[in-house]
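Q: sequence and computational prediction follow.
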Amino acid sequence: MRSARLRAAGRLVGFALLTGGVLLAWLVTRPLGSLALRPLRRAWCRGVCSLLGIRLVVEGAPFRACPTLFVPNHVSYLDIPVLGALVDATFVAKSEVATWPLLGFLAKLTGTMFVRRHWRQAKLQRDALALRMAAGESFVLFAEGTSSDGLDVRPLKTSLLSVAEPGILERPIAVQPVVLAWRRLACGTPIDASNAALYAWWGDATLLPHLWRVLQLDGVEVAVRIGAPRLSWSVTSRKRLGAELHTMLRAGLAGARAEVVPSGGGLVGAVA
């Protein structure tokens, strides 16, 4: 137990040094705008994964031919460094995230798009998303609306998926499903219902106690499957698109969790 607490303390120091260094680099290069922010954001995310012993096993690659809406299943706040290590995209988050300790500050700093989950705001927020995608920006959308235990995929909320419907944008965009399978601990123990809460963060779990426990753990293997992109010209409706994405995410998650991959340390398979 003492060694676990020492590991957590060491990781906190490492996180502070990493974050401080990235913030300093961002202040120096701030006049360059997104040209500087994007590589710094990716470096920070990869550093966090390394600190926490998150080993990535990646299949597929992010689509880069046009602005892309990446749609992953949502398991934890740790999905953010995992995805940020692999895709060059801005996160869409619920407005409450902006008030979270530290994470809210970092989310604001990296240009996160905050949305309110209310039907009256849906069209305004879709139009704001469309405007930024029309300018060339890609996004990560957790369409489930909330996190889960990572063992299945919740039904998707489709209001923002309407950005890919005909007539919304004059330029093509892509929608790409991303499966996140938190599937085994560093010791090789598969993640299932008995231990999913070690890394998954959902329901009434409290952020800081959960994070302190994560800092004490040895590490985890996460399989990331980046699916085939769906171009907007082939989308007929947000509802149909949502149903198709949900089916693909569920099937991909089941397949990734069923695979047996040798466990080990380090960050591997990251897409450059």
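A: That came through fine. Numbering: from 1, shown residues only.

Q: okay, buried residues for the helix or strand where residue 5 lies please.
A: Using DSSP states H and E, residue 5 sits in helix 2-29. Of all the residues in helix 2-29, those buried under the rule 16 or more other Cβ atoms under 10 Å are 8, 11, 15, 18, 19, 22, 26. Quick note: C-beta positions are derived from backbone N, CA and C, even for glycine.

Q: check stretch 97-110 too.
A: For stretch 97-110, the neighbour count (16+ other Cβ under 10 Å) marks 97, 103, 104, 106, 107, 110 as buried.

Q: now do the contacts for the closest residue to residue 212 other than its chain neighbours.
A: Nearest non-adjacent residue to residue 212, counting by Cβ to Cβ, 6 or more residues apart in numbering: residue 8, 6.4 Å away. Going by Cβ atoms under 8 Å, 6 or more residues apart in numbering, residue 8 touches 212, 215, 216.

Q: so the first one is in which element?
A: The secondary structure element spanning residue 212 is helix 207-216 (assigned by DSSP H and E).

Q: what mean pLDDT does the helix or strand that that helix is followed by get?
A: Scanning forward in sequence from helix 207-216 by DSSP H and E, the next helix or strand is strand 220-226. Here strand 220-226 scores 97 as its mean pLDDT.

Q: neighbouring strands for strand 220-226, and are they parallel or not?
A: Looking at strand 220-226 with DSSP bridges, its partner strands are strand 54-59 (parallel), strand 174-185 (antiparallel).

Q: return the most buried member of those strands.
A: Highest mean neighbour count among the strands paired with strand 220-226 (mean count of other Cβ atoms under 10 Å): strand 174-185, with a mean of 23.

Q: and the pLDDT for residue 75?
A: For residue 75, the model assigns a pLDDT of 97.

Q: mind checking what secondary structure it has?
A: Put simply, residue 75 is coil when judged by DSSP: H, G, I helix; E, B strand; the rest coil.

Q: skipping adjacent residues, who's closest to it in space?
A: residue 150 (3.8 Å).

Q: and for residue 255?
A: Using Cβ to Cβ, 6+ apart, the closest residue to residue 255 is residue 225 (7.7 Å).

Q: same check, this time on residue 246
A: Excluding its sequence neighbours, the residue lying closest to residue 246 (Cβ to Cβ, 6+ apart) is residue 156, at 5.0 Å.

Q: from residue 144, how far off is that neighbour?
A: As judged by Cβ to Cβ, to the nearest Å, residue 156 and residue 144 stand 6 Å apart.

Q: next: residue 221.
A: Distance from residue 221 to residue 144, by Cβ to Cβ: 22 Å.

Q: more neighbours: which of those two?
A: residue 221 (24 against 20; other Cβ atoms under 10 Å).

Q: neighbours around residue 33, how many?
A: A count of neighbours around residue 33, defined by other Cβ under 10 Å, yields 9.

Q: tally of neighbours for residue 248?
A: If you count neighbours by other Cβ under 10 Å, residue 248 ends up with 19.

Q: okay, and it sits in which element?
A: helix 238-258.

Q: buried ones in that helix?
A: Buried, per 16+ other Cβ under 10 Å, within helix 238-258: 238, 241, 242, 245, 246, 248, 249, 252, 253, 256, 257.

Q: quick check: mean pLDDT of that helix?
A: Per-region confidence: helix 238-258 scores 96 on mean pLDDT.

Q: next one: stretch 193-200
A: 96.

Q: one step back: what's the closest of the strands paired with strand 220-226 to residue 87?
A: strand 174-185 (7.7 Å; Cβ to Cβ).

Q: just the C-alphas of the closest one, formatted as CSV.
A: Output of strand 174-185 as CSV, limited to C-alpha atoms (Å, rounded to 0.1, in the frame of the first residue of the first chain):
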residue,chain,number,x,y,z
ALA,A,174,-16.3,12.7,-42.3
VAL,A,175,-17.7,10.8,-39.3
GLN,A,176,-15.4,8.1,-37.9
PRO,A,177,-16.2,5.7,-35.1
VAL,A,178,-13.5,5.0,-32.5
VAL,A,179,-13.7,2.0,-30.1
LEU,A,180,-12.0,2.3,-26.7
ALA,A,181,-11.7,-1.0,-25.1
TRP,A,182,-10.1,-0.8,-21.6
ARG,A,183,-9.4,-4.5,-21.5
ARG,A,184,-6.7,-5.6,-19.1
LEU,A,185,-4.7,-4.5,-16.1
